[in-house]
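In: turn this into a structure:
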Amino acid sequence: MNDNVEKIDLNRVDWKSSREFFESLGEALNKLEDKDESYDFTWVGKRKSIIEAGAPIDKILRPDVEASKDFDNTKNMLIVGDNLDALKLLQESYLGKIKMIYIDPPYNTGHDFVYHDNFTVKKADFKDDSTDSDGNVIVSGDEYAENSKANGRFHSDWLSMMHPRLKLARNLLTDDGVIFISIDDNEQANLKKLCDEVFGEDNFITQIPRLTSAQRSGQEQYMNVSHDYVMCYVKNHNYDFNNIITRDLTNKTILKDKNGRYIKGDTKAILAAITQGYSKGGDYDFEYNGKKYSPVTKDGTRNRWLWSKDRMQAAADLGILVETGSTLRMQLYLDKRFDEKTNSLVDKDEKLIFHTADFMKSEYANANGSLGLKKAFDGCDIFSNPKPIRLIEDLIRLNTSSSKEDIILDFFSGSGTTGHAVMDLNAKDGGKRQYICVQLDEKTDEKSEAKKAGYGTIDQITAERLRRAGEKIKSEHPEADIDTGFRVFRVDDSNENENIRKPLGEINQSDMFDMIDNVKKDRTPLDLLFGIIYTSALPFDLKLETCKIGENTVYMYGYLDENTGLIACFGDEIPEETVKEIAKLNPLTAAFKDSSFKNSAEKINLSEHFRIISPDTRVKVV
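Out: Next comes the predicted model:
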């Protein structure tokens, strides 16, 4: 026991009666110092989840060309596998490069599956006879584990699942990056505390309420709940959002004065009720066009002008005050705004300021997401409760830069709404944004419409949606230069033959035959190429070209000119002349397979050729 812990002297406690006892005990407790106590957010398994975020993995991203679309040229990615592994595999190549993250994690309703990480309880502690009504089924390997409310670690397991993923996600954000997280009341409070810890309390922007259903529901016990939330955090608190909600000028009367264009009748109130708490600085009479305007109402209540008298005079001098009955309003302009710092009109885009209330419109409701996906799959109800495309599009438009070349990540991808939204928005505004979607290869329910339609796993639905969405967008915008392809990668064990690492005493005769090659037998040249891309911390989205040098196939990845890119050749035998031709291209990195060279002399010659012809090239042999 710690000797520094202050103890209560029970000999000084009055035991005459229970009431007197507790009064005396309370006085004694009040004398205890709490200098060693502090506010802390913790749960069962937190320490292990912290360790898990930094634990290394021996895995790679294996390319799946057959499941991809336009593999050689596209910059978009669909990663199939556990998103914790995927986030770790993206750390080196995409550290500080992701502008926006949107995720729709399991809401932990009592019918969600949680990732079966090594810090969670065992499958035997769960029921497994339910399905996820939200379409957010998450498993690890072949083990399904439902996080039932009967589980004593119901909230803890969810937090342990989210914690390492959010820590890794933060690393990927640019300095001006932002993350949006959809959540409902089941874990909203815990997610807020968790994000305060991971991203910093000062980096919390807002919690946007989103209308989930415009229809009344009879399922709630006490009141109708028809909203969830989109939680928003930034990497740095000095972040500035775009103004995204574009004015709809259909059937509007556009007028013009000396200050610019404006919509007839489009004005803003500059008088507020005193009950709204505005200061006495707004309590004054103001003369405009020879008429006195007062904040006093008909019943004698003195309200407040929103502006100081100096600011009101500046607006009058500019001619932007509008007389409406007994009060004044401000004229709103399409091309200019009244700047608070300068008290002058300054140029602006034709956009309105963003309001969180905008997301309480029916266009963001779940029904629109379901309807859009059902339409894309020819009327088949393929996936439950996907988010509406418009929701993701507006979040992207709110956040991405004017260059429109940012990377958007979604590591709880589901049906692929985020990828669809990126392509659709690029088609509308000429953007070059790219997406990275991550989805586990969860098995679809045997009785589901997806299973009947031939989709055995959720990632197959994701890929098919991205494929169909891209084709539809291309047909609707034939002149637009849009990247509608995507590279599929699967999280898998490393390419290295596991027998290579066995201690000498554990190697048997059959192992020795396997050790002839450093690489596993089932690995293709592309597997080796992207294994090297990963270890070289190169991005996975560079252009890939192949050519022939002699009889060998040569891969040119991100190669533009001398001192750029990676050139690789993994033939069973590579002649000396082929090595020299590759060296003459002077790439940044050159890669070969160890078994391509018969003996040590050939490997020494390889090094010598590059030392003489291209000394700056990094040569890698796997």
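
In: separation between residue 464 and residue 443?
Out: In this structure, residue 464 and residue 443 are 16 Å apart, going by Cβ to Cβ, to the nearest Å. Any C-beta I mention is one placed from the backbone N, CA and C, and that applies to glycine too.

In: what is the burial count for the closest residue in space to residue 598 that isn't next to it in sequence?
Out: If you skip the residues right next to it in sequence, residue 598 has residue 573 as its closest partner in space, 7.7 Å away by Cβ to Cβ, 6 or more residues apart in numbering. Neighbours of residue 573 under the rule other Cβ atoms under 10 Å: 12.

In: what segments of the stretch 301-450 of the chain are strands?
Out: Shown for the stretch 301-450 of the chain, the strands assigned by DSSP state E, counting those that start in this stretch span residues 304-305, 321-324, 327-331, 336-339, 344-347, 351-352, 407-410, 434-439.

In: same list (the ones you listed) but as JSON lines, adding mean neighbour count and mean pLDDT.
Out: As requested, the strands of the stretch 301-450 of the chain are exported to JSON lines (neighbours: other Cβ atoms under 10 Å; pLDDT from 0 to 100):
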{"stretch": "strand 304-305", "mean neighbour count": "22", "mean pLDDT": "89"}
{"stretch": "strand 321-324", "mean neighbour count": "16", "mean pLDDT": "94"}
{"stretch": "strand 327-331", "mean neighbour count": "19", "mean pLDDT": "94"}
{"stretch": "strand 336-339", "mean neighbour count": "17", "mean pLDDT": "84"}
{"stretch": "strand 344-347", "mean neighbour count": "13", "mean pLDDT": "80"}
{"stretch": "strand 351-352", "mean neighbour count": "14", "mean pLDDT": "45"}
{"stretch": "strand 407-410", "mean neighbour count": "26", "mean pLDDT": "98"}
{"stretch": "strand 434-439", "mean neighbour count": "27", "mean pLDDT": "98"}
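
In: would you format those strands as TSV with distance to residue 153 included?
Out: Compiled in TSV, the strands of the stretch 301-450 of the chain are given as follows (distance: least, Cβ to Cβ, whole Å):
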stretch	distance to residue 153
strand 304-305	53
strand 321-324	61
strand 327-331	56
strand 336-339	52
strand 344-347	55
strand 351-352	46
strand 407-410	27
strand 434-439	25
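
In: of these, which is nearest residue 202?
Out: Across these, the minimum distance to residue 202, taken as Cβ to Cβ, is reached by strand 407-410, at 22.9 Å.

In: just the terminal-to-terminal distance for stretch 454-462.
Out: One end of stretch 454-462 sits 13 Å from the other (Cα to Cα, to the nearest Å).

In: got the contact list for that stretch?
Out: 78, 80, 137, 382-383, 413-416, 419, 437, 439-444, 450, 464 (Cβ atoms under 8 Å, 6 or more residues apart in numbering).

In: ditto for stretch 578-595
Out: Contact with stretch 578-595 is made by 516-519, 528-529, 532, 536, 549-550, 552, 554, 556, 559, 562-572, 574, 603, 605-606, 609-610, 613-614, 616-622, as judged by Cβ under 8 Å, 6+ apart.

In: restricted to strands, list those.
Out: Of the positions in these, 549, 552, 554, 556, 566, 567, 568, 569, 618, 619, 620, 621 sit in strands, assigned by DSSP state E.

In: by neighbours, which of those wins?
Out: The member of these that has the most neighbours, counting by other Cβ under 10 Å, is residue 567 with 26 neighbours.

In: thought it was touching residue 553?
Out: No. Contact criterion Cβ atoms under 8 Å: residue 567 and residue 553 do not qualify, at 11.5 Å.

In: so, low pLDDT: which residues of the stretch 301-450 of the chain?
Out: 348-355, 402-403 (pLDDT under 70).

In: and the contacts of stretch 578-595, which are buried?
Out: Among the contacts of stretch 578-595, those classed as buried by neighbour count (16 or more other Cβ atoms under 10 Å) are 519, 528-529, 532, 536, 549, 552, 554, 556, 559, 564-571, 574, 603, 606, 609-610, 613-614, 617, 619, 621-622.

In: in this structure the residue nearest to residue 598 contacts residue 596, no?
Out: Yes. Distance between residue 573 and residue 596: 6.4 Å, which falls inside the contact criterion (Cβ under 8 Å).

In: isn't residue 286 right up against residue 309?
Out: Yes. Counting by Cβ under 8 Å, residue 309 is a contact partner of residue 286 at 7.0 Å.

In: give me the more crowded residue out of those two.
Out: Relative neighbour count places residue 286 above the other of residue 286 and residue 309, with 17 against 14, counting by other Cβ under 10 Å.

In: how much space between that one and residue 622?
Out: From residue 286 over to residue 622 the distance is 78 Å, taken as Cβ to Cβ.

In: what's near enough to touch the residue positioned nearest the centre of the chain?
Out: Centrality entry for the chain: nearest residue to the mean C-alpha point is residue 101, 1.9 Å, by Cα atoms, centre = their mean. Contacts here follow Cβ under 8 Å, 6+ apart; on that basis residue 101 touches 169, 172, 173, 177, 178, 179, 180, 408, 409, 410, 411.

In: 7 Å instead?
Out: With Cβ atoms under 7 Å, 6 or more residues apart in numbering as the criterion, the residues that contact residue 101 are 169, 173, 179, 409.

In: my read is that residue 469 contacts residue 423, right?
Out: Yes. The pair residue 469 and residue 423 qualifies as a contact (Cβ atoms under 7 Å) at a distance of 6.1 Å.

In: neighbour count: these two, which is higher?
Out: A side-by-side neighbour count of residue 469 and residue 423, using other Cβ under 10 Å, places residue 423 first with 27 against 23.

In: who's in contact with that one?
Out: For residue 423, the residues meeting the contact criterion (Cβ under 7 Å, 6+ apart) are 469, 470, 473, 482, 484.

In: surely the fourth one is within a strand?
Out: To tie it back to what came earlier, the one meant is residue 482. No. Note on residue 482: no strand contains this position according to DSSP: H, G, I helix; E, B strand; the rest coil, which reports coil.

In: pLDDT value on it, please?
Out: Per-residue confidence (pLDDT) for residue 482: 94.

In: try the third one
Out: In the predicted model, residue 473 carries a pLDDT score of 96.

In: what about residue 547, how many residues close to it?
Out: For residue 547, which is what you asked about, the neighbour count (other Cβ under 10 Å) is 10.

In: give me the three-state assignment for it.
Out: Secondary structure assignment for residue 547 (three-state DSSP): strand.

In: does it touch residue 555 like I think?
Out: No. Counting by Cβ under 7 Å, no contact exists between residue 547 and residue 555, whose distance comes to 8.6 Å.

In: count of neighbours near the nearest residue to residue 305 once chain neighbours are set aside?
Out: Here the nearest residue to residue 305 in space, its sequence neighbours aside, is residue 282; by Cβ to Cβ, 6+ apart that works out to 4.0 Å. Using other Cβ under 10 Å as the criterion, residue 282 is surrounded by 21 other residues.

In: need the contact list for the nearest residue to residue 607 once chain neighbours are set aside.
Out: Nearest-residue entry for residue 607: residue 619, 6.5 Å, with adjacent residues in sequence omitted and distances by Cβ to Cβ, 6+ apart. Residues touching residue 619, when contacts are defined by Cβ under 7 Å, 6+ apart, comprise 590, 606, 607, 610.

In: in helices only, show me those residues.
Out: Here DSSP state H is the test, and these give 606, 607, 610 as lying in helices.

In: burial measure for the residue lying closest to the first one once chain neighbours are set aside, as a count.
Out: Which is residue 606. With Cβ to Cβ, 6+ apart as the criterion, residue 606 has its nearest non-adjacent residue at 5.7 Å, and that residue is residue 579. Other residues near residue 579 come to 25 when the count uses other Cβ under 10 Å.

In: SS state for residue 579?
Out: Secondary structure assignment for residue 579 (three-state DSSP): helix.

In: what of residue 205?
Out: When the rule is three-state DSSP, residue 205 gets the label strand.

In: state the helix or strand in which the residue nearest to it when sequence neighbours are not counted lies.
Out: The shortest distance from residue 205 to any residue other than its chain neighbours is 4.2 Å, reached at residue 232 (Cβ to Cβ, 6+ apart). Here residue 232 is covered by strand 227-234, with elements defined by DSSP states H and E.
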